[in-house]
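>>> Turn this into a model:
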Amino acid sequence: MHQNDLSPVPGSVHKKKRVARGNASGHGTYSGRGIKGQQSRSGPDLRIGFEGGQLPLIRALSRLRGFNNIFRTEYEPINVSDLAKLPAGSSVTIESLRKAGIVKSSRLPVKILGGGEISVKLSVEADRFSASARAKIEAAGGSVNELNPAPVKEAVAQRSNVPAETDVDSDSESSEKKED
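Below is the predicted model of the structure:
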């Protein structure tokens, strides 16, 4: 089989609309432009997005400013005050929070926040903890186990601020050789 043997799928190819060929062509009299008005006239077309003088949609939507990070991780927030309702000395996991009805979503990771107070000793296991939640749980005598620890910000900042190593001696030697 060759390319010249192929034919298009029936119904996928249409005849070109030929206007100004008289009334018998089916596109006579007004040639599909209607009667009067801006779009029936010859001359330059309207620009893209022109809405007849009305405030165009593109200008109306430009007022909605901001940035939507598509890579953001959404967490289900749980406050420390919700954990305080659990029995003292228990081991708190994401599954136990789901069974207790504190965590609603099975899809989102869980983050423990520092809202409220806690006085019971708990061993808490979750995806993330805020600094205040970690401090409150440990102050009550409990322990914290973070399942997905966040990268250390200080180490990341140090790596990004380190300048690239430049070999000054080799640059000066190569320039001296070029001069000779």
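
>>> In a strand, V144, correct?
Yes - judged by DSSP: H, G, I helix; E, B strand; the rest coil, V144 forms part of a strand.

>>> Next, the contact list for it, please.
V124, F129, R134, I137, E138 (Cβ atoms under 8 Å, 6 or more residues apart in numbering). Yep, even glycine has a C-beta here, placed from its N, CA and C like the rest.

>>> Check what pLDDT it gets.
What the model reports for V144 is a pLDDT of 92.

>>> mind checking pLDDT for G22?
On the pLDDT scale, G22 gets 91.

>>> That one: what's its closest spatial neighbour, skipping adjacent residues?
G28 (5.2 Å; Cβ to Cβ, 6 or more residues apart in numbering).

>>> The one you found contacts R18, doesn't it?
No - between G28 and R18 there is no contact under Cβ atoms under 8 Å: 10.8 Å.

>>> Among the two, which residue is more densely surrounded?
G28 (13 against 10; other Cβ atoms under 10 Å).

>>> Could you report the distance from that one to K111?
70 Å (Cβ to Cβ, to the nearest Å).

>>> For stretch 17-30, give me every contacting residue.
S31, G32, S40.

>>> so where is the chain shaky, pLDDT-wise?
Low-confidence segments of the chain, defined by pLDDT under 70: 62, 64, 150-180.

>>> just the helices in it please.
57-61, 80-83, 94-100, 131-139, 153-161, 168-179 (DSSP state H).

>>> Name all residues that make contact with L113.
L113 touches P77, I78, N79, V80, S130, S132, A133, counting by Cβ under 8 Å, 6+ apart.

>>> That'll do, ta.
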